[in-house]
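Enquirer: sharing a sequence plus its predicted fold:
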Amino acid sequence: MKKTLFSTTAAFVLLGSASSISYASPMNLTTIKNPPVISGVTPLDLIKDEHTNFNGESSSRFYYTTGKDLRIFLKNEGSTSFSYTVKLPNGDVLDSGNLAPGQQVTENHYWYTSPEPSPLQTGNYTVYIRNSDGSYGSYWIAVRSLES
């Protein structure tokens, strides 16, 4: 009787420990081995992918390094129109416009060095979003670098 009780207890302890160890490992390895792909964009090209809710105004920042083209996607996911302004690291305006509810825009900016330098700069870019009445809004911004 003592042998049977000991064997059952030992088996329970060993199986219980093994199952808790194997449970955590595969989830972590899968995440590391298979990074997500968003719309055919590899994670290294993707600089920012963010959905944001705001009241009246908002801003979003991203860091860009020169040498590749830059694509900025912006979609109005709210129920009121808003204006947007994209500013370079030095404060100059790169782009601006207005988006009605459901509208989206994709802005492509090209990196070049001649005949004159591209306006693109290495550093922190800021995208400002604002609506005219201070109401609730929502937007999606995705930024990526592209091979020239």
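Expert: Structure received.

Enquirer: quick one: pLDDT of the residue lying closest to residue 112 once chain neighbours are set aside?
Expert: The shortest distance from residue 112 to any non-neighbouring residue, by C-beta to C-beta, 6 or more residues apart in numbering, is to residue 118 (4.8 Å). C-betas here are computed from N, CA, C, even on glycine. pLDDT for residue 118: 87.

Enquirer: contacting residues for residue 100?
Expert: 76, 81 (C-beta atoms under 8 Å, 6 or more residues apart in numbering).

Enquirer: can you tell me the element residue 86 falls in?
Expert: Mapping residue 86 onto the secondary structure by DSSP states H and E places it in strand 82-87.

Enquirer: what about the helices in this structure?
Expert: Assigned by DSSP state H, the chain shows helices spanning 2-33.

Enquirer: could you pull out the strands for this structure?
Expert: Taking DSSP state E, the strands of the chain run over residues 46-55, 57-64, 69-76, 82-87, 93-99, 104-109, 123-130, 136-146.

Enquirer: mind listing what's buried in the last one?
Expert: When you say that, I think you mean strand 136-146. Applying a neighbour-count criterion of 16 or more other C-beta atoms under 10 Å, the buried positions in strand 136-146 are 137-139, 141-145.

Enquirer: going by distance to residue 65, which of these wins?
Expert: Distance ranking of the buried residues of strand 136-146 against residue 65, using C-beta to C-beta, places residue 145 first at 7.7 Å.

Enquirer: was I right about residue 84 contacting residue 74?
Expert: Yes: Residue 84 sits in contact with residue 74 when judged by C-beta atoms under 8 Å, with a separation of 6.0 Å.
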